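Colleague: Below are the sequence and a predicted model for it; my questions follow.
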Amino acid sequence: MKEVVRVWIGNPYEEGHFNGTAFFIDAQTLVTAKHVVTDREGKLYENIFLGNTPDGGIIPVDEVQFCKRDLAILKVKKSFSVVPKLFTKEMQEGNDVRLIGFYDNDSSQKTYENRISGYQSSEHTYELQNHLTNGLSGCPVFFNGKICGVAKAINIKKNLTYVIPITELCMETESFFKEKKVEKKKLSLEQWSSIAGIGGTVIALFAWLIPLVIEPAPEPTPEFEQPSKRKVAVEMPQVEQVSKQALEGLVTDTENNPLEGVDVWQSKTGTTIQTDEQGHYLFEDIEAEIEEELEVSFSKTGYGDQTQIQQLGEEHNVFLQKEVD
């Protein structure tokens, strides 16, 4: 699928590195995961490039717009000939879905069949039955040939991939889901004359003219029939929604014994702390939006590493499994 491309940080011909997948939704607009184009501190990378574009080349990203969720909209100056994609709101547990993307810097594009196996209501995030490789972050998730979501993060320990519904995209997408309406047919002057009879010609003339005067303006064309003319509406965060919040939790082993000295890293500030004697960890005064989600990693010698998506303002329980010699 030529609309699905690689995301590079730096020019791939000048020691740039592959960092994820993106996909076109119109001739100059693409969507990917926000963390694909930002560093661990949440800062936008410089010199973002797209590879494997529809014309087979490399092109720099001209503009990046962040959404509230882990989503980003990319704009390029060049206009490409792409097949418009359709969105769907339909997404629920048990649905069979398809993901298309790249997992490294030189392999061919891959297609993966998967299934929605769970739903996290507090985060409005879906889980896929099988985890995928990191390079697929930002790739499109299809249901019945329409895009229903974007691959967000991967939890190898739980064998899961997380997906954000496409309805969370911060642009004007509502009209993309509307069903087409059947146009009403107008009777011709000859048809009205036939109905009214020869003696009612004057009445028939008025009956034919009135609808032309009062007929409402035509409905805007729905779906993606004119995608290049749609405006990108960036979701601007409200000032009052940003506050200092805490992220905390408890780390134990599989037998529920607290683990001390576990390294805990979170993506908002890139800070690493360690758990105390009770296995407790606490990040204080994190400036973020209410209920913002962070990527949190846990590591300790002798135990398997784990990465989770955690929501601020809540307490979390984390289990690390001891490695077998």
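Modeller: Arrived safely. Numbers count the residues shown, from 1 in each chain.

Colleague: Please report phi then psi for residue 41.
Modeller: Per-residue torsions, residue 41: phi -90, psi 0 (degrees, to the nearest 10).

Colleague: per-residue pLDDT, it?
Modeller: Each residue has a pLDDT score; the one for residue 41 is 85.

Colleague: which ones are touching it?
Modeller: The contact partners of residue 41, taken as CB atoms under 8 Å, 6 or more residues apart in numbering, are 268, 269, 270. Where you see a C-beta, it was placed from the backbone N, CA and C, and this is true even at glycine.

Colleague: ok, now how distant is the last one from residue 133?
Modeller: According to CB to CB, to the nearest Å, residue 270 and residue 133 sit 23 Å apart.

Colleague: from the middle of its chain, how far away would stretch 120-134 be?
Modeller: Averaging C-alpha positions (CA atoms, centre = their mean, to the nearest Å) puts stretch 120-134 12 Å from its chain's average.

Colleague: what sits up against it?
Modeller: So stretch 120-134 is contacted by 20, 91, 93, 97, 99, 103-104, 112, 114-119, 149, 151-152, 154-156, 158-165, 168, 291, 293, 309, 311, 314 (CB under 8 Å, 6+ apart).

Colleague: mind checking how far residue 250 is from residue 94?
Modeller: Distance of residue 250 to residue 94, computed by CB to CB: 32 Å.

Colleague: Residue 11 now?
Modeller: Residue 11 sits 43 Å away from residue 94 when distances are taken as CB to CB.

Colleague: Who has more neighbours out of these two?
Modeller: More neighbours surround residue 11 than the other of residue 11 and residue 94, with 13 against 8 (other CB atoms under 10 Å).

Colleague: Name all residues that make contact with the more buried one.
Modeller: Residue 11 touches 47, 49, 58, counting by CB under 8 Å, 6+ apart.

Colleague: Which of those residues has the largest number of neighbours?
Modeller: residue 49 (22 neighbours).

Colleague: So for that one, what's the pLDDT?
Modeller: 96.

Colleague: Across the sheet, point out what pairs with it.
Modeller: Note on residue 49: beta-bridge partners residue 8, residue 60, judged by DSSP bridges.

Colleague: in the protein, which residue is closest to the centre?
Modeller: Residue closest to the mean C-alpha point of the chain, counted by CA atoms, centre = their mean, is residue 150 at 3.7 Å.

Colleague: Now residue 321: closest residue in space that isn't a chain neighbour?
Modeller: residue 304 (5.0 Å; CB to CB, 6 or more residues apart in numbering).

Colleague: Thought residue 69 was touching residue 168, still the case?
Modeller: Yes: using CB atoms under 8 Å, residue 168 is in contact with residue 69, at 4.7 Å.

Colleague: Between the two, which is the more surrounded one?
Modeller: Per other CB under 10 Å, whichever of residue 168 and residue 69 has more neighbours is residue 69, with 21 against 17.

Colleague: a strand runs through that one, doesn't it?
Modeller: No: residue state for residue 69 (DSSP: H, G, I helix; E, B strand; the rest coil) corresponds to coil; a strand is not indicated.

Colleague: measure it to residue 132 for me?
Modeller: From residue 69 to residue 132 the distance is 19 Å (CB to CB).

Colleague: ok, back up a step: in a markdown table, list the contacts of residue 11 along with distance to residue 75.
Modeller: Converted to a markdown table, these look like this (distance: CB to CB, whole Å):
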| residue | distance to residue 75 |
| --- | --- |
| 47 | 15 |
| 49 | 14 |
| 58 | 16 |
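
Colleague: out of those residues, who's nearest residue 82?
Modeller: Checking those against residue 82 with CB to CB, the nearest one is residue 58 at 16.7 Å.

Colleague: what pLDDT does the closest one get?
Modeller: pLDDT at residue 58 comes out at 92.

Colleague: who touches the helix or strand encompassing residue 297?
Modeller: Assigned by DSSP states H and E, residue 297 belongs to strand 293-299. With CB under 8 Å, 6+ apart as the test, strand 293-299 has contacts from 35, 69-70, 123, 125, 153, 247, 251, 262-268, 286, 288, 305-312, 316, 318, 320.

Colleague: Just the buried residues of that strand, please?
Modeller: Residues 293, 294, 295, 296, 298 are the ones in strand 293-299 that count as buried (16 or more other CB atoms under 10 Å).

Colleague: Distance-wise, check the third one relative to residue 40.
Modeller: What that stands for is residue 295. From residue 295 to residue 40 the distance is 9 Å (CB to CB).

Colleague: ok, back up a step: between residue 270 and residue 133, who's got more neighbours?
Modeller: Using other CB under 10 Å, the more surrounded residue of residue 270 and residue 133 is residue 133, with 15 against 12.
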